[in-house]
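> need the 3D shape of this:
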Amino acid sequence: MMERGMPCSYTRRRAAQAITASLLLWPAVASSQDAAGYPDRPVRLVVGYPPGGPNDLLARIVAPKLAALLKQAVIVENRPGSNSEIAAGLVAKANPDGYTLLFASSGAISISPGLGRQLPYDARTDFAPVSIVGSGPMLLVVKPDLPASSPAELIALAKARPGKLNGASAGSGSSPHLALELFRAMAKLDFVHVPYRGAGPAFADLVAGQVDFYFGGLPTALPQVRAGKLRALAVTSTTRSGIAPEIPTLNEVALPGYDASIWYGIFAPVGTPPGVVARLHAAVTEATRDPDVRRHFATHGADPLESPRDDFVRFIAQDIDKWTRVVRDAGIKVE
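The predicted structure is shown next:
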């Protein structure tokens, strides 16, 4: 009924305002309804690497905390192969109901899309990113008898001996390889890339003096440094590592803006109800704040992270673009 004495235009305006307000509230109401009753059965957290690697270890640290928060079991399932691409493809094709999630690192999400291979997923469109979980730097290490005790000295040595130094990687297109190529591009260096079939052989030859330097995982490289078998020059993150704060960053001492951290995140298939994604994001954020999680992450060279979900989505797009440019400029070809 129209209010007595009120102009018709005012009444229409009041009605329009009420409709607008209800529409603004609708996403929150719909999101809440999406998550009603979720989860009512165990959740699978798929990891694309075998048990014992960084992805698996970090997933198993987070999973019990998520289970406690969600009040359902969170089961870590290993589906190794092809730099986590098999696991990512499996989750991309899973029912988008929030019960099959991917625990992935930057390798599968940010690097693989730029390598030119046919992937069983599209990292930009096949996932609903849930939350970043953490990140960890790599460590730039050199053989002990190399006359370089700092990143600046290594850069000067490489420029004095163009094409003579050897930089190892864990394989073409791997995270250590991309860190090496970013280093090459930003420092404008000429050296030989020596790809290995994994980090183990690369470390072995570096310790034996067969290659000159390497970007390796912090938990693996640090014990070799502290045993005197390798020399650490810098970490690849923009801030120093909590477990080795005495080691500077490349960003601070040699190459401003350099960042080749390995980050970890949780993803759902695209089409997962927004309310479910929001519930998961809140649970992951709370889990990464837990002191036990933070302490156990540190033992594996990682720092827990949190961010608004929209920021994580934007970061992924920017990171894919960044590493695609590095791959293109370096002319990397991976079969």
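> for the stretch 151-300 of the chain, what spans make up the helices?
151-160, 175-187, 199-207, 218-226, 250-253, 274-288, 291-299 (DSSP state H, counting those that start in this stretch).
> over to the stretch 1-150 of the chain?
Going by DSSP H, counting those that start in this stretch, the stretch 1-150 of the chain shows helices at 8-34, 54-70, 85-92, 106.
> so how far is Val46 from Val74?
11 Å (C-beta to C-beta, to the nearest Å). C-beta: built from backbone N, CA, C; applies to glycine.
> excluding its backbone neighbours, what's nearest the residue nearest to the spatial centre of the chain?
With distances taken as C-alpha atoms, centre = their mean, the chain has Trp263 as the residue nearest its mean C-alpha position (2.4 Å). Computed as C-beta to C-beta, 6 or more residues apart in numbering, the closest residue to Trp263 that is not its neighbour in sequence is Ser135, at 4.0 Å.
> surely the one you found is in contact with Glu306?
No - with contact defined as C-beta atoms under 8 Å, Ser135 does not reach Glu306; the gap is 11.3 Å.
> what about the two, which has more around it?
Set Ser135 next to Glu306 and count neighbours by other C-beta atoms under 10 Å: Ser135 wins out with 21 against 17.
> partner residues bridging the more buried one?
Trp263, Asp303 (DSSP bridges).
> Provide a list of residues in contact with it.
Ser237, Ser261, Ile262, Trp263, Tyr264, Ala302, Asp303, Leu305 (C-beta atoms under 8 Å, 6 or more residues apart in numbering).
> from the residues you listed, which two are the most distant?
Across the contacts of Ser135, the longest distance by C-beta to C-beta is 13.3 Å; it joins Ser237 and Tyr264.
> so what sits against both of those two?
Ser135, Gly136.
> circling back to that earlier point, give me whichever of the helices of the stretch 151-300 of the chain is most buried.
Most buried of these, by mean neighbour count (mean count of other C-beta atoms under 10 Å): helix 175-187, with a mean of 23.
> what about that one, distance to the chain center?
Relative to the chain's own centre, helix 175-187 is displaced by 17 Å; criterion: C-alpha atoms, centre = their mean, to the nearest Å.
> return the list of helices and strands in contact with it.
strand 138-142, strand 166-169, strand 192-195, strand 213-217, helix 309-330 (3 or more C-beta pairs under 8 Å, 6 or more residues apart in numbering; DSSP states H and E).
> compare the helices of the stretch 1-150 of the chain and say which comes out lowest on pLDDT.
When the helices of the stretch 1-150 of the chain are compared by mean pLDDT, helix 8-34 comes last with a mean of 46.
> so where's this structure uncertain?
Under the criterion pLDDT under 70, the flagged ranges of the chain are 1-34.
> now do 50
1-16, 18-24, 26-31 (pLDDT under 50).
> per-domain residue ranges of it.
Following automatic domain parsing, one finds the domains of the chain at 43-136+261-330, 138-253.
> what about Ile109, how many neighbours?
Using other C-beta under 10 Å: Ile109 sits among 25 other residues.
> just give the nearest non-adjacent residue to Ile54, would you?
Wrong residue type there; residue 54 is Pro, not Ile. His300 (6.1 Å).
> relative to Arg60, how far out is that neighbour?
For His300 relative to Arg60 (C-beta to C-beta), the value is 10 Å.
> in stretch 50-69, what counts as buried?
53-67, 69 (16 or more other C-beta atoms under 10 Å).
> tell me the one of the residues you listed nearest Asp205?
Of the buried residues of stretch 50-69, the one sitting nearest to Asp205 (C-beta to C-beta) turns out to be Gly53, at 20.7 Å.
> which of the domains of the chain sits closest to Ala36?
Taking those one by one with C-beta to C-beta, domain 43-136+261-330 is closest: 7.6 Å.
> okay, how far is it across the closest one, tip to tip?
40 Å (C-alpha to C-alpha, to the nearest Å).
> got the contact list for Ala36?
Counting by C-beta under 8 Å, 6+ apart, Ala36 has contacts Gly275.
> with adjacent residues omitted, what lies nearest to Gly114?
Per C-beta to C-beta, 6+ apart, closest to Gly114 is Thr324, 3.3 Å.
> correction: Gly171
Pro195 (5.2 Å).
> I'd guessed that neighbour sits against Gly167; true?
No - under the criterion of C-beta under 8 Å, Pro195 makes no contact with Gly167, lying 9.9 Å away.
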